[in-house]
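S.K.: Build the 3D model from these lines:
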Amino acid sequence: MSKQQQAAVEATYFSIIGNTCLAIIKGLAGFFGNSYALIADGIESTTDIFASLLVLFGIKYSNRPADENHPYGHGRAEPLITFLVVGFLITSATVIAYESIANIQAPHDLPKSWTLFVLGAIIIWKEYSFQKVMKRSIETNSSSLKADAWHHRSDAITSVAAFIGISIALILGKGYESADDWAALFASCFIFYNSYLIFRPALGEIMDEHLYDDLIEHIRIVALNVDGIIATEKCFIRKSGMKYHVDLHAVVDAQITVKRGHQLAHILKDTLRKEIPELGHVLIHIEPDDE
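M.R.: Residues are numbered from 1 along each chain as shown. This is a model prediction of the structure:
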């Protein structure tokens, strides 16, 4: 297992353990504290557990080595897992919205004041979790891990909404018991929006969308430092799992032999993979200099 994969797996286990503990805490605090916003928060954390398990499976499967049937590896499994994670988010948001509307219409007691302390601690923990997992997603180039990180951020926002709703209900008193239900309804809308933000990059990845200008520029700079490479022309990048596959057209002296051109292509390929470790397959097409 590579260091990249190990870091991603560790971050996912961190999410699974954290979400399991929080789902229990939120559910109990919501039930005994008369807060549907907290119960809704607990529902989202429960779906987060299954989503994180999917992410763990996706990371492990997408990093399996290439084989005869999958010459480019299994990296495309990762955005597919991201789509499933988005499905979990949409499902949880739908359940929260439905239950919130039902609770707004039904009379119930005011939430307990101590639930605010529980929510305060949850908000701090979930924001820390977001920062930790997002950092790992950037280091590993993992789209599914990034989706998992945004799960933590959406959970933190849901908790903030619950905190505000419960505070309004407690401050304004009788007649405002449903304030935390309105907060849960608002949180569900945010989760829907956040689902789109997670879905869009994964769709771009699966469709080979042009998204990597900075990496292309880095590749061109490294290529021009290789002796014998005069310039670069077309450069196409496809992301697959944690790796980037590259097709690069390199310009060389038109007078060199085919054998020398072949050697330069291998030198350039090896240099790029050494200088930019996140590159996977690199295909070099040699072009003759017209001058």
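S.K.: Distance from stretch 62-77 to the middle of the chain?
M.R.: The chain centre lies 20 Å from the centre of stretch 62-77; the measure is C-alpha atoms, centre = their mean, to the nearest Å.
S.K.: wait, stretch 182-190
M.R.: With C-alpha atoms, centre = their mean, you get 22 Å for stretch 182-190.
S.K.: so L272 touches Y244, yeah?
M.R.: No. Applying C-beta atoms under 8 Å as the test, L272 and Y244 come out as separate, 10.4 Å apart. No exception for glycine: its C-beta is placed from N, CA and C like everyone else's.
S.K.: shared neighbours, these two?
M.R.: L279 (C-beta atoms under 8 Å, 6 or more residues apart in numbering).
S.K.: same for the worst-scoring helix or strand of the chain on mean pLDDT, what does it pack against?
M.R.: Least confident helix or strand of the chain, by mean pLDDT, DSSP states H and E, is helix 36-62 with a mean of 79. If you count contacts as 3 or more C-beta pairs under 8 Å, 6 or more residues apart in numbering; DSSP states H and E, helix 36-62 packs onto helix 3-32, helix 77-104, helix 115-140, helix 143-172, helix 179-206.
S.K.: For this protein, give me the ranges with low pLDDT.
M.R.: Residue ranges of the chain with pLDDT under 70: 1-2, 37, 108, 291.
S.K.: So which residue of it lies furthest out from the middle?
M.R.: Q255 (48.2 Å; C-alpha atoms, centre = their mean).
S.K.: Cross-check the contact I'm expecting between F199 and V85.
M.R.: No. Under the criterion of C-beta under 8 Å, F199 is not in contact with V85, lying 9.2 Å apart.
S.K.: Who has more neighbours out of these two?
M.R.: V85 (29 against 19; other C-beta atoms under 10 Å).
S.K.: Brilliant, that's me finished.
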